[in-house]
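1. when you get a sec, could you give me coordinates for this:
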Amino acid sequence: MYQIIAPTLFQNKICRLPKLGSLVMVAHAAESDFVNGRIKPSFETIDFIAAGQDENLFNEFSAMSELLLKELNKNGSVVLPGIGTFTKANNAGIYFTAVEIDPVFNQAIDVERVIRQDAPHGILVGDQQRTNVEMTGFFNEQPTNSDRWWIWAIILAVVGIGALIVYFYSEGKISVGNSNYY
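-> Here you go, the predicted model:
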């Protein structure tokens, strides 16, 4: 009878036991421990959510739930093989202790970061596929510095001299040719 609860819990990730509560599988993500060079694996734990006073549903586990409650009232605890133990406290509260996962199944993995500078690999740049060799060449190119500032300096000097000549000619301080001849 109790062997039906475990497969339902592990397949559906939840098993509702009327008048008792719900067993829920909670997934915990893998964790990276860069300082120690390890990755801790992902794992699942079983949590128990006690039923509220107003929760009175009926499902395929109603009969098993009634039997569990009777055994809890009689013995004080019920062991579900492979899942955990229900315990009834003195204040009529029901507690659940999940079975500990064997550490053999949750061993951390030693990792080492590998960076290969010489191995070409694809990189998506914008909407174009490039290689790391192309991008390294692109970022290492020195911009061509064409020193043509002196051309602009000559042009500005000619314009400035031309403006001065026009100014002085219009003021009459400069005359073109010999205008004193009669």
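2. identify the single longest helix in the chain, thanks.
-> Criterion DSSP state H: the longest helix present in the chain is helix 149-171.
3. that one: how far from the chain's middle?
-> 64 Å (CA atoms, centre = their mean, to the nearest Å).
4. again, but for stretch 99-118
-> Distance of stretch 99-118 from the chain centroid (CA atoms, centre = their mean) equals 19 Å.
5. for this protein, what spans make up the strands?
-> Counting by DSSP state E, the chain has these strands, from start to end: 14-17, 21-28, 31-33, 38-40, 43-50, 77-80, 84-88, 94-98, 109-110, 122-125, 128-131.
6. quick check: which of those strands is buried the most?
-> Among the strands of the chain, the stretch with the highest mean neighbour count (mean count of other CB atoms under 10 Å) is strand 14-17, at a mean of 20. For every residue, glycine as well, the C-beta is placed using N, CA and C.
7. and that strand, average pLDDT?
-> Mean pLDDT, strand 14-17: 86.
8. show me what that strand packs onto, helices and strands only.
-> Counting contacts by 3 or more CB pairs under 8 Å, 6 or more residues apart in numbering; DSSP states H and E, strand 14-17 packs against helix 5-12, strand 21-28, helix 62-75.
9. of those, which is nearest Phe139?
-> Nearest to Phe139, of all the helices and strands packed on strand 14-17, is strand 21-28, at 40.7 Å by CB to CB.
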